[in-house]
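In: sequence and computational prediction follow.
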Amino acid sequence: MRWALVKVCLAVTAMVVIAFAVPLGLVIREMARDRAFSDAERQAATIGPTLTITTDREELTKAVLSTEPGGRGRLAVHVPVTEPGGSPLEIGTRRATREDLETVRTSGRASIAEVPGGSALLQPTALGSGGIAVVEVFVPEGEVSNGVGTAWLVLAGVGAALIVGSVAVADRLGVRMVEPAQRLAGAAQDLGEGRLGTRVPEEGPTELRSAAVAFNSMADQVVQLLANERELAADLSHRLRTPLTVLRLNAASLGEGPAAEQTRAAVEQLEHEVDTIIRTAREQRPQTQGGPAGAGAGCDVSEVVRERMVFWSALAEDEGRTVRLAGVDRTVRIPVARPELAAALDALLGNVFRHTPEGTAFAVDVHHSGDAVLVLVSDAGPGIPDPESALARGASGPHGATGAVGSTGLGLDIVRRVAESTGGDLRIGRSVLGGTEVRIWIGLDGGPGERARRGHRVGRRSGRRGPRGAKARSAEFRGAPGSRPNL
């Protein structure tokens with residue numbers, strides 16, 4: 001469309017320039033010709049008074065030579081026979097034919113005759129004796145076209161400048177129309193590929209601005225619909241995990257027997273189906289720009305932690321578990337949507353209840369540094385013998401997140417996605433309570449580059465990991481709230 005507009009503008013401007021420049025050039029040429037012959041008439045008129053007084057050759061010769069064209073050999077006087085027995089008188093160089101001279105003398109009107117090298121103005125002049133003399137002024141071709149070539153060059157330059165200017169303006173107008181359309185097409189393609197954070201600047205012509213507004217509104221609606229779907233999936237996990245955990249614990253206390261085994265098997269199958277449903281909902285979620293919840297999403301980590309601890313405290317009280325909560329006394333904003341963080345916390349706390357005996361204490365700590373937030377979920381249970389394997393199984397693998405046989409690994413997969421979406425990471429170690437500690441590092445301004453740098457530092461120190469090192473790091477995590485742990 002851009003080049004089509006340029007071509008149209010080029011054709012229209014060229015036709016306009018030709019329509020005006022060619023006639024104007026012809027007018028200039030005629031004006032130059034009229035000017036040259038007007039000067040010739042004025043010069044011919046200068047010899048008229050002498051002809052009315054005398055026809056003497058010497059006097060006429062002096063009068064002709066005293067004029068500018070006469071001195072240059074361009075003025076001639078043709079005097080007919082004025083007396084019986086006399087002869088015609090010619091002064092100067094004759095260039096016109098005798099027929100032309102006789103025609104002018106007979107008609108009494110001035111005429112222009114074509115002669116070699118230019119034109120000759122033939123001007124009739126009355127003599128004192130009553131005859132008609134003809135004054136001939138030679139006008140060279142160069143004087144007839146004097147200034148015409150320059151005028152044509154000026155017109156050509158002006159026309160070229162107009163064409164170039166119109167093409168430039170048309171190109172800018174084309175860019176102004178084409179670029180918004182290209183951005184809109186690219187954004188539609190990105191949205192179709194699942195990048196839901198794509199938005200179009202509302203720029204350009206009125207129609208394209210309206211299209212951009214409609215596209216952005218549609219994208220917002222799509223994001224809202226998917227957010228509602230994620231909230232439903234998260235709500236499903238919130239509602240079902242706690243009663244499933246209670247059912248599982250109660251089924252474990254039924255003793256032996258076919259009915260007890262069937263009940264435990266049914267609870268395990270139900271728990272597996274719920275995990276499958278939640279995993280499917282999360283795996284089908286398209287990725288958006290700017291984090292899992294889209295651009296501009298976020299929540300207060302302290303508020304969400306307090307809310308989920310109130311939710312789990314009832315079950316903890318029933319099982320006689322001691323709960324400790326720290327670092328949630330101030331507002332800490334993180335670039336994670338509330339449902340995502342709540343689902344991650346529920347996954348970790350559900351693992352504590354599922355894989356530790358009743359009465360086992362656990363704690364949730366929140367630490368805030370300059371560029372990251374650290375969430376620690378620790379317990380006093382038996383711990384995880386092989387944290388690396390648990391992390392590997394948590395990467396959407398078929399095994400448990402805590403090392404327990406039959407676990408799906410969904411819990412750590414959810415937590416991992418939340419951490420890595422902000423440029424953070426997930427680590428498992430030994431807590432100061434004696435059991436497992438899961439550390440969620442949430443970056444406040446991180447991205448893939450920050451995550452790669454942090455992963456590089458962790459990778460260099462991975463060879464020094466062990467129960468003692470994990471315990472030392474756990475104690476270091478619980479240092480000053482504003483300090484950043486040494487990875």
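Out: That came through, no problem.
In: for the stretch 351-487 of the chain, which spans come out with low pLDDT?
Out: 393-411, 446-487 (pLDDT under 70).
In: same question for the chain.
Out: 1-2, 82-86, 230-231, 233-235, 237-239, 241-242, 276-297, 393-411, 446-487.
In: all strands for it, in order.
Out: Listed in chain order, the strands of the chain (DSSP state E) span 75-79, 89-91, 111-115, 118-126, 132-140, 299-300, 323-326, 333-334, 362-368, 372-379, 425-430, 436-443.
In: so which of these is the most packed in?
Out: strand 436-443 (a mean of 26; mean count of other CB atoms under 10 Å). All C-beta atoms are positioned from the backbone trio N, CA, C, and that covers glycine.
In: can you pull the contacts of Ile442?
Out: 301, 334-336, 372-375, 418-419, 422, 424 (CB atoms under 8 Å, 6 or more residues apart in numbering).
In: can you lay out the strands of the chain as TSV showing distance to Thr61?
Out: Listed next are the strands of the chain as TSV, based on distance: least, CB to CB, whole Å:
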stretch	distance to Thr61
strand 75-79	9
strand 89-91	5
strand 111-115	22
strand 118-126	16
strand 132-140	14
strand 299-300	115
strand 323-326	129
strand 333-334	112
strand 362-368	117
strand 372-379	114
strand 425-430	116
strand 436-443	110
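In: relative to Trp312, which of these is closest?
Out: Among the strands of the chain, the nearest to Trp312 by CB to CB is strand 323-326 (8.0 Å).
In: gap between that closest one and the chain center?
Out: 49 Å (CA atoms, centre = their mean, to the nearest Å).
In: quick one: list the elements packing against that strand.
Out: helix 301-318, strand 362-368 (3 or more CB pairs under 8 Å, 6 or more residues apart in numbering; DSSP states H and E).
In: partners of the shortest one in the sheet?
Out: Using DSSP bridges, the neighbouring strands of strand 362-368 in the sheet come out as strand 323-326 (parallel), strand 372-379 (antiparallel).
In: longest single helix anywhere in this structure?
Out: Ranked by residue count, the top helix of the chain under DSSP state H comes out as helix 206-252.
In: isn't Val336 up against Ser421?
Out: Yes. With contact defined as CB atoms under 8 Å, Val336 counts as touching Ser421 (7.1 Å).
In: which one of these two is surrounded by more residues?
Out: Val336 (26 against 23; other CB atoms under 10 Å).
In: gap between the nearest residue to the more buried one once chain neighbours are set aside and Asp425?
Out: Among residues not flanking Val336 along the chain, Val418 sits closest, at 5.7 Å (CB to CB, 6 or more residues apart in numbering). Look at Val418 and Asp425: by CB to CB, to the nearest Å, they are 11 Å apart.
In: so for Arg57, which of the strands paired with strand 362-368 sits nearest?
Out: Among the strands paired with strand 362-368, strand 372-379 sits nearest to Arg57 (CB to CB), with 118.8 Å.
In: and the angle from the closest one to helix 301-318?
Out: 0 degrees (axes from the mean of the first three to the mean of the last three CA atoms, to 10 degrees).
In: what is the orientation angle of strand 372-379 with strand 425-430?
Out: Using the same axes, to 10 degrees: strand 372-379 against strand 425-430 is 30 degrees.
In: report the distance from strand 372-379 to the chain centre.
Out: The answer for strand 372-379 is 41 Å, by CA atoms, centre = their mean.
In: what's the closest non-adjacent residue to the spatially most central residue of the chain?
Out: Nearest to the mean C-alpha position of the chain, by CA atoms, centre = their mean, lies Arg183 at 6.4 Å. Excluding its sequence neighbours, the residue lying closest to Arg183 (CB to CB, 6+ apart) is Val200, at 5.5 Å.
In: quick one, phi psi at that neighbour?
Out: phi -110, psi 130 (degrees, to the nearest 10).
In: give me whichever of the helices and strands packed on strand 323-326 is most buried.
Out: By mean count of other CB under 10 Å, the helices and strands packed on strand 323-326 have strand 362-368 as the most buried, with a mean of 22.
In: centre of the chain to it, how far?
Out: Relative to where its chain is centred, strand 362-368 has its mean C-alpha point 44 Å off (CA atoms, centre = their mean).
In: contact partners of that strand?
Out: 301-302, 305, 309, 316, 321-328, 330, 332, 345, 349, 352, 356, 373-380, 431, 433, 435, 477-478, 481-483, 485.
In: do the same with stretch 178-186
Out: 1-2, 200-201, 203-205, 208-209, 211-212, 215.
In: repeat that for stretch 27-44.
Out: 67-69, 75, 110, 112, 119, 121, 123, 125, 135, 137, 139, 143-148, 151-152.
In: and Thr356, how far from Asp386?
Out: 17 Å.
In: so for the two, which sits in the more crowded spot?
Out: With neighbours defined as other CB under 10 Å, Thr356 and Asp386 compare such that Thr356 has more, 21 against 11.
In: do I have it right that that one meets Ser378?
Out: No. Counting by CB under 8 Å, Thr356 stays clear of Ser378, with 11.0 Å between them.
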